[in-house]
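Asker: build the 3D model from these lines:
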Amino acid sequence: MAELIRIHPEVRAALEARRPVVALETTLVSHGFPRGEGAVVAAEAERRVRAAWAVPATIGVIEGVIQVGLTEEQLERFGGSPDARKVGPRDLAACAAQGDLGATTAGATLAVCRAVGIGFLGTGGLGGVHRGWTERPDVSADLGELARTEALVVASGTKSLLDVQATAEVLETIGVPVLGWRTDTMPLFYAREGGPPVSARVLTVEEVAQIAQFHWRLGRHSALLLARPPDESLDVEALIQEGVAEAERQSVRGQDVTPFVLGYLHEASGGATIEVNKKLVVENAALAGEVAVAYSRLE
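Answerer: Numbers count the residues shown, from 1 in each chain. Sure, this is the predicted structure:
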């Protein structure tokens with residue numbers, strides 16, 4: 001394992017001392033924002049995790065090694081490289097063996113969390129069931145990792161370019177609680193309201209931490225999703241439909257759909273979706289840090 005996964009000394013020390021650690025993904029750094037901007041967002045997310053008195057552990061694959069905790073130079077490499085490979089759970093081994101630069105999705109990041117013992121993840125929006133799944137099945141591997149990883153994930157629901165209702169049904173089926181952060185409905189990534197009901201509304205980080213503790217004490221070896229609405233709501237449903245239709249016209253498939261549609265939204269909205277995306281990524285990381293600290297107090 002030592003040759004395949006390299007844990008940053010600060011992260012290793014925190015894990016050994018059972019101090020709170022929050023994982024962060026690198027796909028949003030490489031593929032979620034225009035080149036160079038993702039590293040700035042990721043650095044701010046790490047800063048906000050530290051401000052909550054937790055330790056950030058941004059995860060990615062570099063030259064055959066899965067890195068858990070990145071240096072500033074490594075983070076900038078993910079933000080500035082056009083060749084970063086989008087790495088899901090199935091791709092971790094191949095990416096490492098082939099020596100590629102691999103930006104981990106939420107699912108791949110969860111897989112690494114399970115391997116090294118990290119119990120908290122902050123991200124933007126999760127993958128799920130894609131629109132049109134009845135005609136062409138397309139389901140994100142994020143859901144599979146949520147089903148098998150004991151971690152509390154803070155996200156603004158699932159990405160609204162997906163079939164959110166179908167995704168919520170799958171989350172229920174696989175036993176993943178969806179906790180609404182001071183809301184009764186799952187946020188739609190850019191929009192605060194309009195999603196399906198959550199399984200429980202929560203008001204404090206202490207309440208979230210206790211639910212997570214009870215969930216795992218009951219032998220439920222799955223994740224929990226803490227769905228935090230964006231501070232600013234943006235209605236881009238019409239643009240999403242255009243972007244999904246354009247992806248279909250250009251035969252964009254699989255892992256390429258999400259970055260394609262996000263890019264379409266960024267351009268069509270005049271950059272408005274980028275600003276919302278930046279803020280929710282950072283705020284979700286901060287909340288993940290706060291919950292991780294609250295959980296450490298229970299333990």
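Asker: would you map the helices across the stretch 101-250 of the chain?
Answerer: Taking DSSP state H, counting those that start in this stretch to define them, one finds helices in the stretch 101-250 of the chain at 106-116, 142-148, 164-173, 205-217, 237-249.
Asker: just give me the longest strand of this structure.
Answerer: If each strand of the chain is counted by residues according to DSSP state E, the longest one is strand 55-62.
Asker: re the thing from before, from the helices of the stretch 101-250 of the chain, which stretch is densest packed?
Answerer: With neighbours taken as mean count of other Cβ atoms under 10 Å, these reach their highest mean count in helix 106-116, at a mean of 25. The C-beta positions use only the backbone N, C-alpha and C, and glycine is treated the same way.
Asker: by contact count, what packs against that one?
Answerer: Helices and strands touching helix 106-116, as assessed by 3 or more Cβ pairs under 8 Å, 6 or more residues apart in numbering; DSSP states H and E, comprise strand 5-7, strand 21-24, strand 55-62, strand 65-68, helix 92-98, strand 120-122, helix 142-148, strand 152-155.
Asker: tell me the contacts of residue 240?
Answerer: For residue 240, the contacting residues are 160, 161, 261, 265, taking Cβ atoms under 8 Å, 6 or more residues apart in numbering as the criterion.
Asker: and the third one, what pLDDT?
Answerer: On the pLDDT scale, residue 261 is placed at 80.
Asker: skipping adjacent residues, who's closest to it in space?
Answerer: Spatial nearest neighbour of residue 261, excluding adjacent residues (Cβ to Cβ, 6 or more residues apart in numbering): residue 243 at 4.1 Å.
Asker: still on that earlier bit, CSV for the helices of the stretch 101-250 of the chain, including mean pLDDT?
Answerer: Conversion of the helices of the stretch 101-250 of the chain to CSV gives the following (pLDDT from 0 to 100):
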stretch, mean pLDDT
helix 106-116, 98
helix 142-148, 97
helix 164-173, 95
helix 205-217, 98
helix 237-249, 82
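Asker: check contacts around the residue nearest to residue 60 when sequence neighbours are not counted.
Answerer: Distances taken as Cβ to Cβ, 6+ apart put residue 26 closest to residue 60, at 3.9 Å, once the chain neighbours are dropped. Taking Cβ under 8 Å, 6+ apart as the criterion, residue 26 is in contact with 42, 58, 59, 60, 70, 78, 84, 102, 103, 104, 109.
Asker: same question for residue 58.
Answerer: Contacts here follow Cβ under 8 Å, 6+ apart; on that basis residue 58 touches 23, 24, 25, 26, 29, 42, 46, 69, 70, 75.
Asker: what's the neighbour count on residue 63?
Answerer: Residue 63: 10 surrounding residues under other Cβ atoms under 10 Å.
Asker: from memory it sits against residue 99, does it?
Answerer: Yes. At 5.6 Å, residue 63 and residue 99 qualify as touching, with contact defined as Cβ atoms under 8 Å.
Asker: now, which of the contacts of residue 58 sits nearest residue 16?
Answerer: residue 69 (13.4 Å; Cβ to Cβ).
Asker: surely residue 252 meets residue 260?
Answerer: Yes. Contact criterion Cβ under 8 Å: residue 252 and residue 260 qualify, at 4.7 Å.
Asker: picking that back up, for the longest strand of the chain, buried residues please.
Answerer: The neighbour-count check on strand 55-62 (16 or more other Cβ atoms under 10 Å) flags 55, 56, 57, 58, 59, 60, 61, 62 as buried.
Asker: so which of these comes closest to residue 6?
Answerer: Nearest to residue 6 among those: residue 62, at 8.8 Å, using Cβ to Cβ.
Asker: hey, what's that closest one bridged with?
Answerer: The partner list for residue 62 in beta bridges (DSSP bridges) reads residue 65.
Asker: contact partners for residue 54?
Answerer: The neighbourhood of residue 54, defined by Cβ under 8 Å, 6+ apart, consists of 19, 20, 21, 22, 120, 288, 289, 290, 292, 293.
Asker: report the secondary structure state of the first one.
Answerer: Counting by DSSP: H, G, I helix; E, B strand; the rest coil, the backbone at residue 19 sits in coil.
Asker: and it, how close does it get to residue 53?
Answerer: 9 Å (Cβ to Cβ, to the nearest Å).
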